[in-house]
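Enquirer: Give me a 3D structure for the following:
(2 chains)
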Amino acid sequence: MSDRLTRRAGTFLIGGTESHTSRSLPALLLPITVVGAALALVPLWLGDSRVFMGVAVLGLAFACYVIGFNVIFGSTGQLFLCVGALAGVGGFGATILADNVGLPIVVSIFAATLAATLIGGLLSFVAVRRSLGVIFTGIVTLIFSLSFDALLLGLSNLTGGDTGRLIESGTDTFLRERIPPYYLMLAIVLVFLLVHGLLRRSHFGWAFRALRDDEIAAELAGVDVARYRVYGALIGSAMLGLAGSTYAFTEGRISPTTFGFGHVDVVVLVMLAFGGIGTLFGPIVGAVTFTIVDEILIDFGQLRQVAYGILIIVLFLRMPRGVIPTVDSLWRRVRGRAKVVEKF
Amino acid sequence: MIANILDGLVLGLQFGLLAAGLTLIYGLGGVLNLGYGQIAVTSAMTVALAMDAGIPVLLAIGLGLLAGGLFGLLLDLTILRPVYRLHGEARVLLSLLLTLGVSFIIDGYLNWRYPLKALNLYIGGGAIEVLGVPMRRGSLVASAITLFTLMGLFVFFRSTSLGRAIRSVIEDEAGARLIGIDPKKMLRLILVLSGVLAALVAVTRSMIAPVDTTSGLSITVFALIVTVVGGLGNFVGALLAGIILGIVSVVAADLIGSYISLIILLGAAAVTILIRPAGLLGVKE
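Expert: Have a look, this model is predicted:
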């Protein structure tokens, strides 16, 4: 039923297959724990290599970005093409506050996250007030991305311009060791998953689903569409800012490309589309898969981009709803058939 | 000040030409082609390679335009097929994602195969004075070509029956079909035309600054912004938006300088979109 509605609303790409949401808390906590336990084992396998641990931390940072983007785009249908820029507000903001102003790391992360949250909320507020559609929201946020990039390159005495900046704060702490940053990022991923899961169970979740399936019907039923859109953007942007700033401190060096449009936004979109837009665990599936694929293809240099292009096209033509919904419906079909067999 | 405005006009005409090809396919087919810049880059590489092979410049440019047109035709025959089956926002979204994939393939391949290649159609000779301001020959030739092309398009859409048929599809697809116009054929024609326009962007741009294999993304992004400011699907609006943004950009660069001018340009675009979401000359639906 909801499937038919989403297609009618013309938003076939924006999730909408999970009509069933688990109501009980254990049913939410269990899969998150399983995912956390599985990912916690990675250092046992790759822990000896500094390079691979760096890749793994970046993969987790991307998982955070995808979850944040999923809350904004997957849940409320606002195409924010400034994922990298909002994470960059966090990353550059926090490190500048810590290094140049001398604030403690935790305080600067908090302040930069707040800044990213407010900017994301403002963008959403403006888009909602002017009732911009998906494409126009995309373009306005893309313009914000480009402006932010120009600003980073322009303020080179603060940001280090093209070459980026070395981060002094946190040099001698656990943030720069080999394995602890991985568990820090993993903890953030799990918290984000929990937050998103709880949101889906709450009245937010009902409102999000209602407005995604049919915006006008939702409005008629008394859902304040505008307000929930802004809430979604605020929460998602906070996630992006927090992930970006934490990642910056663990990495020790950031440049405009660390948070660039081509480097972050495009990848995040592909990861989410692969995993399943609007699903809870799609971001993890997408981020893990593409981090591995990226490592496998690393020797191909520029040709890696060709592979990505082909993958994007095949993905959207064959599996426009992503892995999780596809596997989910396959599983239901198999199970449904099994039940029929039992009857006879 | 006159110098600034003239420079702004040169840039603005370029912006206008950039947006023309993109806005046409959007208006006609609801297709947002993010591979637009890559069509331009492919054509630029075709011209550069042809010139390397000793083919005369004008013929090489002809080959480049042909390559652009063929690229557009190829898109229409392959990747856009499934897109046409959808409608409204879903169509825009799918076309955007698929052409993004195409742009990756082209960018990756060209950067790998021809990493340092660039098209540079430098036109020698001294500066020419216009209204007392010395202008580079390349800028003037590029602007003249752009102006003629845009005027040609304008006349084509106003006065020929084929142009009118295309406009009727933009206005009302069902109505057009009723009076015997095949929207699919018109769309194919427009994709070829937009490919040729993208190639022309590459050629005129390379008279002012080199076009290399990494130029694709910035061409697409600026085309997109100018298109939106002018009003999606509105060809005259695109030209107007291009000229306004061009002048804003050059004047801001002169008064304030460097990176702030880019931010002002982007800010101006954002403000226009917010004040008039339908674009400068757009009509609200």
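
Enquirer: Run a quick neighbour tally on B:Leu63.
Expert: Number of residues near B:Leu63 (other Cβ atoms under 10 Å in any protein chain shown) recorded here: 19. Where you see a C-beta, it was placed from the backbone N, CA and C, and this is true even at glycine.

Enquirer: looking at it, B:Gly124 is touching B:Met207, isn't it?
Expert: No - B:Gly124 lies out of contact with B:Met207 (Cβ atoms under 8 Å); the separation is 11.3 Å.

Enquirer: Between the two, which has more neighbouring residues?
Expert: Legend: neighbour count by other Cβ under 10 Å for B:Gly124 and B:Met207, higher for B:Met207 (21 against 6).

Enquirer: you'd agree B:Ile247 is up against B:Val10?
Expert: No - the criterion here is Cβ under 8 Å, and B:Ile247 misses it with B:Val10 at 10.0 Å.

Enquirer: between those two, which one's more packed in?
Expert: B:Val10 (23 against 18).

Enquirer: Do a quick rundown of the strands in chain A.
Expert: A:165-166, A:253-254 (DSSP state E).

Enquirer: actually chain B, sorry about that
Expert: Taking DSSP E as the test, the strands found in chain B are B:118-119, B:128-130, B:133-135, B:211-212.

Enquirer: Give me the neighbour count for A:Val327.
Expert: When neighbours are defined as other Cβ under 10 Å, A:Val327 has 13 of them.

Enquirer: need the residues of the stretch 51-200 of chain A near chain B, please.
Expert: A:126, A:130-136, A:139-140, A:142-144, A:146-147, A:150-151, A:153-154 (Cβ under 8 Å from any Cβ of the partner chain).

Enquirer: Residue in the stretch 151-285 of chain B with the shortest distance to chain A?
Expert: Ranking the residues of the stretch 151-285 of chain B by distance to chain A (Cβ to the nearest Cβ) places B:Tyr259 first, at 3.2 Å.

Enquirer: From B:Gly54, how far off is that residue?
Expert: Distance of B:Tyr259 to B:Gly54, given as Cβ to Cβ, to the nearest Å: 41 Å.

Enquirer: between these two, who's got more neighbours?
Expert: Per other Cβ under 10 Å, whichever of B:Tyr259 and B:Gly54 has more neighbours is B:Tyr259, with 19 against 7.

Enquirer: wait, what's in contact with the more buried one?
Expert: Residues counted as contacts of B:Tyr259 (Cβ atoms under 8 Å, 6 or more residues apart in numbering or on different chains) are A:Ala150, A:Leu151, A:Leu153, A:Gly154.

Enquirer: about what we covered before: ok, which of the strands of chain B comes nearest chain A?
Expert: Taking the strands of chain B one by one with Cβ to the nearest Cβ, strand B:211-212 is closest: 13.5 Å.

Enquirer: is it true that B:Ser43 touches B:Leu70?
Expert: No - assessed by Cβ under 8 Å, B:Ser43 is found out of contact with B:Leu70, at 9.7 Å.

Enquirer: who has more neighbours, these two?
Expert: Legend: neighbour count by other Cβ under 10 Å for B:Ser43 and B:Leu70, higher for B:Ser43 (30 against 18).

Enquirer: Grab the nearest non-local neighbour of that one.
Expert: B:Ala199 (3.5 Å; Cβ to Cβ, 6 or more residues apart in numbering or on different chains).

Enquirer: Report the separation between the one you found and B:Thr42.
Expert: 8 Å.

Enquirer: Name the residue in those two with the higher neighbour count.
Expert: The residue with more neighbours, out of B:Ala199 and B:Thr42, is B:Ala199; 31 against 24, by other Cβ under 10 Å.

Enquirer: Who are the contact partners of the more buried one?
Expert: Going by Cβ under 8 Å, 6+ apart, B:Ala199 touches B:Ile39, B:Ala40, B:Ser43, B:Ala44, B:Gly64, B:Leu65, B:Ala67, B:Gly68, B:Gly69.
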